[in-house]
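Asks: This is the structure alone, sequence omitted:
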Ligand SMILES: NC(=O)c1ccc[n+]([C@@H]2O[C@H](COP(=O)([O-])OP(=O)(O)OC[C@H]3O[C@@H](n4cnc5c(N)ncnc54)[C@H](O)[C@@H]3O)[C@@H](O)[C@H]2O)c1
C-alpha cells in the first residue's frame, strides 16, 4: 500500500484517484476548487462518468479514498504525488502549463521527505526536464524522483479503462522510481497488462503521438466518407473492409461531424507547436487539424442544404451536446460549433442531451432545452443528431416524423437505417453513406 496524493480532481484525477484506491492504495484527491471537494466529501460526484459513483463510494467507505483542500498537508503526508491538473490550449496553440507550474511550486514548498513526483497530465515533451530542474533548484536529488505516467483513459469508459488498461506507460530515470511505480500498478500484473518503462521524453511523446494518430484516423475516415458520397460508396462498408486488416484495425474508423473533446483538439495543436519550435514540420498533424475544421463546416453546409439554405427563424432540434456519448463533457464538442453558427444565422435552437444540458447551459443560456428527445423535436423544422447516445439509436422514426414539423433529418453519426428513412420519405442526409 502506498500513500498517494492526486493533485487535480477532474475527469482524470478523480477516476485515477478512485482507481488507485481500488488497487489498494491510500489516496487523497486534492483540488483548489473547494466547492468540488466539499461536494465529493458529501458523496456527490461532480462529473458524469459511468461506474464512477460506485467506485468512489466503495473506496471512500473502505477508508482508502479521501478528498481534501488542504493541499500542503496532503503533499507532506504522501509518498507519491500524481499531478492531474488541466493543461488547456493557450493562445498560440501550446499547452498552458500554468496549473502544472502552480502544483509543482506547492510540491517544492512541501517536499519534507523523499517523494515520487509523477505527472499524469498531458504535458509537452521537455516538461519533465523542466520540472526536475525547477525542483533541483531547491532540493537535492535524493529527495525526489520524477516520473511521467501519461493517462490513456477515455471519457465515457474511463473507469474500465483505468482498471483494465491496454498498457501503462512509465517514464523515469532511476531504477528506484521504476520499482515504486511497478508497485503502484502491481494489481495489473494479474491481468498481464504491460507496464512499459521508457525515458521521460519518450513517455511524454508516446501520449502526444498516440492522440495525434487517433485524431489522424478520424480525419482520414471523414475525408474518405466525403469522397464516398460522391462515388456512391458506403463509408461503413469501406471501414469494415479496411478494419479487418490487422495493420489498420477497425477502431477509430467511424465518420462523423469531426472530433472534439478536451484532448484531441488541444493535444494535436500542442504537438504541432512542439514540431514548429524544433524545426520539424508535422504535415500529417496539420492536415488532421485542417480536415477536422473542414468537416465541421461541411456538416453545417449539409444542414443548410437540408433546409433549402433558409434557417432564419426556423427551429432546429439538436440531439446530443456532449462531444461523445456517455459523458457530460462538452469541451470543443462539434455541437458547440454547429449551435454557435446556427444562432448567428438567426435559427431557433431546441436542444436535448441525456446528461450534458447543464454544462451546455452555462455557455448557451438562451436556447431552448428539453427533458427528452420527443419534446425537443416537436414542431421543429429539422432534427440534427450530433452524438450517438444509445437512446437516440432507439428512436422510433415513425414517431420522429410525426413530431417534426418538416421531416428533415441530418444523421451526423450515421445511427439510423437508410432503408427506413427512405421508406418513410424523410428529407435526410448523413456522413459518407450512399443513399441513391
Ligand atoms: N479528460 C480526459 O479524457 C483525459 C484523458 C487523458 C489525459 N488527460 C489529461 O489529463 C489532464 C487533466 O484533464 P481533465 O480532463 O481531468 O481536466 P479537468 O479540467 O477536468 O480537471 C483539472 C482539475 O485540476 C484542478 N486544478 C487546477 N490547478 C490546480 C492546482 N494548482 N492544484 C490543485 N488542483 C488544481 C482544477 O480545479 C480541476 O478540478 C490534462 O492534461 C488532460 O490533457 C485528459
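Replies: Ah, there it is. In this text, all values refer to a predicted model and were calculated from it rather than measured experimentally.

Asks: What's the end-to-end length of stretch 34-50?
Replies: 24 Å (C-alpha to C-alpha, to the nearest Å).

Asks: And the contacts of stretch 236-248?
Replies: Contact with stretch 236-248 is made by 221, 224, 228, 249, 250, 251, 253, 254, 255, 414, 432, 433, as judged by C-beta atoms under 8 Å, 6 or more residues apart in numbering. To be clear about C-beta, it is placed using only N, CA and C from the backbone, and glycine gets the same treatment.

Asks: Secondary structure of residue 18: a strand, I assume?
Replies: No: under DSSP: H, G, I helix; E, B strand; the rest coil, residue 18 sits outside any strand and is assigned helix.

Asks: List, one by one, the residues from the stretch 1-150 of the chain near the ligand.
Replies: 7-13, 30-33, 36, 84-87, 99, 102-103, 121-122 (C-beta under 6 Å from any ligand atom).

Asks: Mind doing that once more with 5 Å?
Replies: Within reach of the ligand by C-beta under 5 Å from any ligand atom, the stretch 1-150 of the chain has these residues: 7-8, 10-12, 31-33, 85-87, 99, 102-103, 121-122.

Asks: So which of the residues you listed are in strands?
Replies: In strands, judged by DSSP state E, the following of those are found: residue 7.

Asks: among the residues of the stretch 1-150 of the chain next to the ligand, who's most crowded?
Replies: Greatest neighbour count in those, by other C-beta atoms under 10 Å, goes to residue 7: 30 neighbours.

Asks: what's the nearest residue to that residue once chain neighbours are set aside in contact with, if anything?
Replies: Nearest non-adjacent residue to residue 7, counting by C-beta to C-beta, 6 or more residues apart in numbering: residue 103, 4.7 Å away. Neighbouring residues of residue 103 by C-beta under 8 Å, 6+ apart: 7, 8, 83, 85.

Asks: Make CSV out of these and add pLDDT and distance to residue 235.
Replies: Output for these, formatted as CSV (pLDDT from 0 to 100; distance: C-beta to C-beta, whole Å):
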residue, pLDDT, distance to residue 235
7, 98, 43
8, 98, 38
83, 98, 40
85, 98, 38
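
Asks: Remind me which helix or strand the residue in the stretch 301-436 of the chain positioned nearest to the ligand belongs to.
Replies: Proximity of the stretch 301-436 of the chain to the ligand (C-beta to the nearest ligand atom) peaks at residue 329, 6.9 Å away. For residue 329, there is no enclosing helix or strand under DSSP states H and E.

Asks: OK, contacts around it?
Replies: 11, 47, 155, 261, 262, 322, 323, 356, 359 are the contacts of residue 329 under C-beta under 8 Å, 6+ apart.

Asks: switch to 6 Å and redo it
Replies: 155, 322 (C-beta atoms under 6 Å, 6 or more residues apart in numbering).

Asks: nearest spatial neighbour of the residue in the chain that the ligand sits nearest to, skipping sequence neighbours?
Replies: Proximity of the chain to the ligand (C-beta to the nearest ligand atom) peaks at residue 10, 1.8 Å away. With sequence-adjacent residues excluded and distances taken as C-beta to C-beta, 6+ apart, residue 10 is closest to residue 86, at 6.4 Å.

Asks: and if you look at residue 250?
Replies: residue 243 (2.7 Å).

Asks: what do you get for residue 82?
Replies: Residue 82 sits nearest to residue 6 (C-beta to C-beta, 6+ apart), 4.6 Å away.

Asks: Just give the number of residues close to the residue nearest to residue 250.
Replies: 15.

Asks: swap in the one 4 residues further on?
Replies: Residue neighbour count, defined by other C-beta under 10 Å, stands at 5 for residue 247.

Asks: Please give the element, helix or strand, for it.
Replies: Using DSSP H and E, no helix or strand contains residue 247.

Asks: Break this protein down into its domains, please.
Replies: Taking automatic domain parsing as the reference, the chain has its domains at 3-198, 213-429.

Asks: Now do the end-to-end distance for stretch 230-250.
Replies: Distance across stretch 230-250, first residue to last, is 23 Å (C-alpha to C-alpha).

Asks: Then stretch 370-378?
Replies: Start-to-end, stretch 370-378 (C-alpha to C-alpha) is 10 Å.

Asks: Name the residues of it that are buried.
Replies: 370, 373, 376, 377 (16 or more other C-beta atoms under 10 Å).

Asks: Which single one of the residues you listed is nearest to residue 72?
Replies: The closest of those to residue 72 turns out to be residue 370 (C-beta to C-beta; 45.8 Å).

Asks: Report the spatially closest residue to the closest one, excluding sequence-adjacent ones.
Replies: residue 376 is the one closest to residue 370 (C-beta to C-beta, 6+ apart), at 3.9 Å.

Asks: And residue 388, by the same measure?
Replies: Per C-beta to C-beta, 6+ apart, closest to residue 388 is residue 413, 4.0 Å.

Asks: burial count for that neighbour?
Replies: Every residue meeting other C-beta under 10 Å relative to residue 413 is counted, giving 24.

Asks: if I pick it, what's in contact with it?
Replies: Applying C-beta under 6 Å, 6+ apart, the residues near residue 413 are 256, 385, 388.

Asks: can I get those residues in JSON lines with neighbour count, distance to residue 94 and secondary structure?
Replies: Below are these laid out as JSON lines (neighbours: other C-beta atoms under 10 Å; distance: C-beta to C-beta, whole Å; DSSP: H, G, I helix; E, B strand; the rest coil):
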{"residue": "256", "neighbour count": "25", "distance to residue 94": "28", "secondary structure": "coil"}
{"residue": "385", "neighbour count": "25", "distance to residue 94": "35", "secondary structure": "strand"}
{"residue": "388", "neighbour count": "19", "distance to residue 94": "32", "secondary structure": "coil"}
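
Asks: remind me, longest helix of this protein?
Replies: Counting residues, the longest helix found in the chain (DSSP state H) is helix 200-231.

Asks: That one - contacts with which helices or strands?
Replies: strand 144-148, strand 168-171, helix 264-277, helix 283-306 (3 or more C-beta pairs under 6 Å, 6 or more residues apart in numbering; DSSP states H and E).

Asks: so which of these comes closest to residue 66?
Replies: From the helices and strands packed on helix 200-231, taking C-beta to C-beta, the stretch that ends up closest is strand 144-148, at 22.1 Å.

Asks: circling back: the longest helix of the chain vs the ligand: in contact?
Replies: No: Helix 200-231 lies out of reach of the ligand by C-beta under 5 Å from any ligand atom, never closer than 7.4 Å.

Asks: ok now that helix, how far from the chain's centre?
Replies: Offset of helix 200-231 from its chain centre (C-alpha atoms, centre = their mean, to the nearest Å): 15 Å.

Asks: Next, the angle strand 144-148 makes with it.
Replies: 10 degrees (axes from the mean of the first three to the mean of the last three C-alpha atoms, to 10 degrees).
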